[in-house]
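Asks: Need coordinates for the below:
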Amino acid sequence: QVQLVESGGGLVQAGGSLRLSCSASGSIVNINVMGWYRQAPGKQRELVAVITRGGAINADSVKGRFTISRDSAKTSVFLLMNSLKPEDTAVYYCAADRAGWTTSGYGMEYWGKGTLVTVST
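Replies: Numbers count the residues shown, from 1 in each chain. Here you go, the predicted structure:
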């Protein structure tokens, strides 16, 4: 089992920045994909960014604004969010998988409980 704990959410004004962190523990040796998904009120969960052996993959909506990174020990993944917009308001979830990822997050093995990001106008 793998446990994921997110931190760093909060309230920020449009144009501001936040950095989310996700710490993984447990049987992490076989985890090859870690990333972030989000779910806004009334909307379906969607990919924000994932990082795999091949590198980072970002959703079009966050390209140029958000940066995903992972520590060298591969126990944590981070999401630096710049130029935040009100439409970025959502609960952000950390996810991890041994094999792959999907745009909706369906099938990802492990999930954190989420951290709320609210962007005000």
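
Asks: Next one, pLDDT for R53 please.
Replies: Looking at R53, its pLDDT reads 88.

Asks: now it: how far from K43?
Replies: Distance of R53 to K43, given as Cβ to Cβ, to the nearest Å: 30 Å. Quick note: C-beta positions are derived from backbone N, CA and C, even for glycine.

Asks: repeat for L18
Replies: L18 is 20 Å from K43, by Cβ to Cβ.

Asks: Compare the two (neighbour count), which wins?
Replies: Just comparing L18 and K43: by other Cβ atoms under 10 Å the higher neighbour count belongs to L18, 21 against 10.

Asks: Assign the residue nearest the centre of the chain to helix, strand or coil.
Replies: The centroid of the chain falls nearest to W36 when counting by Cα atoms, centre = their mean (1.8 Å). Following DSSP: H, G, I helix; E, B strand; the rest coil, W36 is assigned to strand.

Asks: which residues does it bridge with?
Replies: Here W36 sits in beta bridges with A49, C94, as judged by DSSP bridges.

Asks: Assess the claim that it and A49 are in contact.
Replies: Yes. Counting by Cβ atoms under 8 Å, W36 touches A49, with 5.5 Å between them.

Asks: overlap in contacts of those two?
Replies: Common contacts of W36 and A49, defined by Cβ atoms under 8 Å, 6 or more residues apart in numbering, comprise 68, 79.

Asks: that older thread, might you report the residue contacts of the residue nearest to the centre of the chain?
Replies: By Cβ under 8 Å, 6+ apart, W36 lies in contact with 20, 22, 48-50, 68, 77, 79, 92-95.

Asks: ok, now with 10 Å
Replies: Applying Cβ atoms under 10 Å, 6 or more residues apart in numbering to W36 gives the contacts 6, 20, 22, 47-51, 58-59, 62, 66, 68, 77-79, 81, 92-95, 105, 112, 115.

Asks: Then V50?
Replies: By Cβ under 10 Å, 6+ apart, the contact set of V50 is 33-37, 56-59, 68, 77, 95-97, 100-103, 105, 108.
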